[in-house]
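Undergrad: Following is a predicted model, sequence given first.
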Amino acid sequence: MNANTKALKILVRAREDFQAQRKRMDNRIGRKASGEDQDVDERMFLASDLESFVDISDAAKEQEKQIQRKLSKLLKRFDIYNEHLKGVKGVGPISAAHIISQVDIHIAKTVSKIWQYCGLNPSKIRGKKRVQTKKPKTYKPKNKGWKVLSRRDEHVIILTDERIRGDKLTAGFISPYNKNLKTALMGVLASGFIKAQAPYALDFYYPYKERLEHRTDKVMHNGEKTPWEDVSKGHRDMAAKRYMIKMFLKDLYVVWRELEGLDTRKSYQEQYLKHKHTA
């Protein structure tokens, strides 16, 4: 990771810190992000105290704005932003900063690896565990199918032979994806595409959601295999958003790798499973 990427990551995390502080304070005093009162039971404060609480929230919000301005300025140092992301309708500086600061395109040799890292792969993968040990340097897994991936001061990271969902958190296992990045993509960016009526929403989100409304093949929904046409609207909506973001990342992967002078490969689904696209 170079100095520019490290600086971008620090700013991204700093903004998240101030945003979390603001949201917690607003929730405690019963105030929405817009400044309006939440629809909650009356909360009693002295006027002077409430004013102090509001000042704290407003100060955190101003810090968010300042950081966003610094992010926008720093992003200009990155070719992938100047040559691609800046021109994609619906992609704002926050989403761009999350992607550039957290995705290592040199490691992501296929777009499938990016999908997995972003929490967009519902398939089963080998789970990783953190094992506490007093002797991490000499620790050897008892299970022959397990492999030590890294060693720390008081624990080791193990790649097990147990299969878990690639897009879900499983008790006892390390998260198989970057939770903050998934939130930034499926929450902020997906909504941005739809709100802006961007090409990615028009070309992928709406058509895919409409197709799902008429599909009879089954998917797991509330613990049971259910036809797509019978699952909840929210479930189909999330599937369509996931498909749209995957198509965006697929294009990004190609442009980014080429800008860096790296080769591109087909996704795992296309290369080995002969699938053109998967959600």
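TA: Arrived safely, thanks for sending.
Undergrad: pretty sure Thr160 is in a strand, no?
TA: Yes - under DSSP: H, G, I helix; E, B strand; the rest coil, Thr160 falls within a strand.
Undergrad: and it, what is it in contact with?
TA: Thr160 makes contacts with Arg126, Gly127, Lys128, Lys129, Asn143, Gly145, Trp146, Phe173, as judged by C-beta atoms under 8 Å, 6 or more residues apart in numbering. Bear in mind the C-beta positions are built from the backbone N, C-alpha and C, glycine included.
Undergrad: just Ser232 next, same as before
TA: Neighbour list for Ser232: His221 [criterion: C-beta under 8 Å, 6+ apart].
Undergrad: Identify each buried residue in the longest helix that the chain contains, please.
TA: What stands out as the longest helix in the chain, according to DSSP state H, is helix 47-75. Residues 54, 57, 60-61, 63-64, 67-68, 70-72, 74-75 are the ones in helix 47-75 that count as buried (16 or more other C-beta atoms under 10 Å).
Undergrad: list the helices and strands the helix or strand where Ser191 lies packs on?
TA: Under the criterion of DSSP states H and E, Ser191 resides in helix 190-195. The elements that helix 190-195 packs onto, with contact taken as 3 or more C-beta pairs under 8 Å, 6 or more residues apart in numbering; DSSP states H and E, are helix 233-259.
Undergrad: again, 10 Å this time
TA: The elements that helix 190-195 packs onto, with contact taken as 3 or more C-beta pairs under 10 Å, 6 or more residues apart in numbering; DSSP states H and E, are helix 93-102, helix 199-200, helix 233-259.
Undergrad: I'd assumed Pro141 was in a helix, is it?
TA: No - assigned with three-state DSSP, Pro141 falls outside any helix and is coil.
Undergrad: Phi, psi for it please.
TA: Here is the backbone geometry of Pro141 (degrees, to the nearest 10): phi -60, psi 140.
Undergrad: so what's it up against?
TA: Taking C-beta atoms under 10 Å, 6 or more residues apart in numbering, we find Pro141 in contact with Lys129, Val131, Lys147, Val148, Val156, Ile158, Leu159, Thr160.
Undergrad: one more time with 8 Å
TA: Val131, Lys147, Val148, Ile158.
Undergrad: just Ile157 next, same as before
TA: So Ile157 contacts Lys128, Lys129, Arg130, Val131, Val148, Leu149, Ser150, Arg151, Ile174 (C-beta under 8 Å, 6+ apart).
Undergrad: related to what we said a few turns ago, ChimeraX command for the buried members of the contacts of Pro141?
TA: In ChimeraX syntax, the buried subset of the contacts of Pro141 is picked out as below (16+ other C-beta under 10 Å):
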select :158
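Undergrad: which ones among the contacts of Pro141 are found in strands?
TA: Judged by DSSP state E, the contacts of Pro141 include Val131, Lys147, Val148, Ile158 as members of strands.
Undergrad: Serialize those to JSON lines and add fields for distance to Thr183.
TA: Formatted as JSON lines, these follow (distance: C-beta to C-beta, whole Å):
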{"residue": "Val131", "distance to Thr183": "28"}
{"residue": "Lys147", "distance to Thr183": "30"}
{"residue": "Val148", "distance to Thr183": "30"}
{"residue": "Ile158", "distance to Thr183": "27"}
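Undergrad: Nearest to Leu50 among these?
TA: Sorting the ones in strands among the contacts of Pro141 by distance to Leu50 puts Val131 at the head of the list, at 48.6 Å, by C-beta to C-beta.
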